[in-house]
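1. What follows is a predicted structure for the sequence shown.
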Amino acid sequence: MSRRILVIEDEEKLRRVVQLQLQSSGYEVELAATAEEGVLAAERADLVLTDLRLPGMSGLEFLERTHAVRPGLPIVMMTAFGSVETAVEAMKKGAADFLVKPFSLDHLAAVVAKAFEMLSLREENKRLKEELGGRYQLDNIVGRSGAMQEVFGMVLRAAPTRATVLLAGESGVGKDMIARAIHYHSPRKDKPFVKINCTAIPENLMESELFGYEKGAFTGANMTKPGKFELADTGTVFLDEIGDVPLPIQVKLLRILQEREFERLGSNKTRHIDVRVVAATNVDLRRALEEGTFREDLYYRLNVLPINIPSLRERREDIPYLADHFIRKHAAELGTAELEISADAATKLMAYHWPGNVRELENVIERSLVLATGTTLEAADIRLDLAPRSRSAATAGTSVDGLFLPEGMTLDQYEETIIKEAMRRAQGNKSQAARLLGLTRNALRYRLGQMGMETGPDTDV
């Protein structure tokens, strides 16, 4: 689409010459003899060439009035030699450039080209700023909070590389969506994305599922079958719940990460693959290292680029935006009208502790849309999945199923409180405190170190 230039000049001959020159350069040109005519025409222009001295309103007045309505519109002033100082004043007030009469047509073309180049740079800069400001939504992942902005920043930095990423976070925070965002913002976006739910695969089938098998490798193996890693060749493998992988399979995963090679079950042929691995866990792998259920060397191979995804409790300011997103999504799916969410309903959502995180919030919104009767989603329409509590349990912060976290306290904070209480009861004796907690003394010392309470060698018994 060609650029449109408005030429405001009271001298008809010069106006016509400028018009022909600009049209020969491929621009659309609109003409005006006075600034008053030009004010209306400026709404349609990409650039304005105006004489500084005009009958009625001056070019300087035109500049001020037009920029009040369209700030940033490039305006080039044409002026006689004796008015150069006024033209300089116009540039201080926002004019893009000025031309001193008489000027050559080549000079005219150069000044116009320069003005459009500067305009293009400003437009590109504005676009980039808008993209940066709109980064709170990344592939349908909504998050305006500072915590999620950090996650998005890590995703955008990690995506172009082939580095292994370890996603950590509670169940329901959106690890699957973050993994897909990494893949679809990477050079592998047109290649396979294969998700492997490590919890869903029985231990005795995991090796054949991951690495494939040859015909006759075991009873029932009537044909050769490639594994999920082969299917993901040149693409991305997403290992969900990596903490549930049994130790024998962890050795084979380590080889995949280090050597990019494996053998199918029942075969001695080494196969080489090019896969990018993204792993996710909702458990503390460092604790699994202590307990000997997770290999240390595999942990460090996976933990190249760690991304911690905050729970919904840690980013409550995102809840209204997430609720609005899910209302629009499920209203379309259910064929119902999009409802406004009331302030009381938003407050109710933000006050809840969301043990199921974003997944639970989406379920609550879908349920509430089905059951709502009005045109606004009110607090009464929000049906939270509250577990029944006895009167004593409610006051003690426990559920009928047993102990639960006190309201507003994280698991890490609760654990720290219990450890401090055990140390108090044991009067500082680590061995006795460890026995109270059902831990080994080394495991307790590790936790105390994490809490900044391990002060020296353990000499107690």
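-> Received, thanks.
2. Can you give the contact residues for stretch 230-240?
-> Applying C-beta atoms under 8 Å, 6 or more residues apart in numbering, the contact partners of stretch 230-240 are 175-176, 179-180, 182-183, 186, 188, 191-199, 211-212, 228-229, 245, 253, 271, 273-280. Every C-beta, even on glycine, is put in place using the N, C-alpha and C of the backbone.
3. hey, where'd the helices end up in the stretch 351-461 of the chain?
-> Taking DSSP state H, counting those that start in this stretch as the criterion, the stretch 351-461 of the chain contains helices spanning 357-371, 391-396, 411-425, 430-437, 441-451.
4. What helices and strands are in contact with the third one?
-> Under the contact criterion of 3 or more C-beta pairs under 8 Å, 6 or more residues apart in numbering; DSSP states H and E, the helices and strands touching helix 411-425 comprise helix 430-437, helix 441-451.
5. chain center to that helix, what's the gap?
-> Relative to its parent chain, helix 411-425 has a centroid offset of 35 Å by C-alpha atoms, centre = their mean, to the nearest Å.
6. start at 17 instead
-> Sure thing, new numbering starts at 17, so read that last one as helix 427-441.
7. Output that helix as PDB, nothing but the C-alphas.
-> The C-alpha trace of helix 427-441 is given here as PDB (Å, rounded to 0.1, in the frame of the first residue of the first chain):
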ATOM      1  CA  LEU A 427       4.100 -26.500  52.300                       C
ATOM      2  CA  ASP A 428       7.700 -25.200  52.700                       C
ATOM      3  CA  GLN A 429       6.600 -22.900  55.500                       C
ATOM      4  CA  TYR A 430       4.700 -25.600  57.200                       C
ATOM      5  CA  GLU A 431       7.600 -28.000  57.000                       C
ATOM      6  CA  GLU A 432      10.000 -25.400  58.400                       C
ATOM      7  CA  THR A 433       7.600 -24.800  61.400                       C
ATOM      8  CA  ILE A 434       7.400 -28.600  62.100                       C
ATOM      9  CA  ILE A 435      11.200 -28.900  62.000                       C
ATOM     10  CA  LYS A 436      11.700 -26.000  64.300                       C
ATOM     11  CA  GLU A 437       9.200 -27.500  66.700                       C
ATOM     12  CA  ALA A 438      11.000 -30.800  66.600                       C
ATOM     13  CA  MET A 439      14.300 -29.100  67.400                       C
ATOM     14  CA  ARG A 440      12.700 -27.300  70.300                       C
ATOM     15  CA  ARG A 441      11.300 -30.500  71.700                       C
END
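8. circling back: could the helices of the stretch 367-477 of the chain go into CSV alongside mean neighbour count?
-> Below are the helices of the stretch 367-477 of the chain laid out as CSV (neighbours: other C-beta atoms under 10 Å):
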stretch, mean neighbour count
helix 373-387, 19
helix 407-412, 11
helix 427-441, 14
helix 446-453, 19
helix 457-467, 16
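9. What subset of the contacts of stretch 246-256 is buried?
-> 191-192, 195-196, 198-199, 202, 204, 207-212, 214, 227-228, 244-245, 261, 269, 287, 289, 291-296 (16 or more other C-beta atoms under 10 Å).
10. Grab the nearest non-local neighbour of residue 374.
-> residue 190 (5.2 Å; C-beta to C-beta, 6 or more residues apart in numbering).
11. And the one you found, how far from residue 297?
-> 14 Å (C-beta to C-beta, to the nearest Å).
12. got it, and residue 321?
-> Relative to residue 297, and taking C-beta to C-beta, residue 321 is found at 14 Å.
13. Those two - which one has more neighbours?
-> residue 297 (22 against 17; other C-beta atoms under 10 Å).
14. Name the nearest residue to that one, ignoring sequence neighbours.
-> Per C-beta to C-beta, 6+ apart, closest to residue 297 is residue 259, 4.6 Å.
15. So that neighbour: helix, strand or coil?
-> helix (DSSP: H, G, I helix; E, B strand; the rest coil).
16. Measure how buried it is and give me the count.
-> Neighbour count of residue 259, defined by other C-beta under 10 Å: 20.
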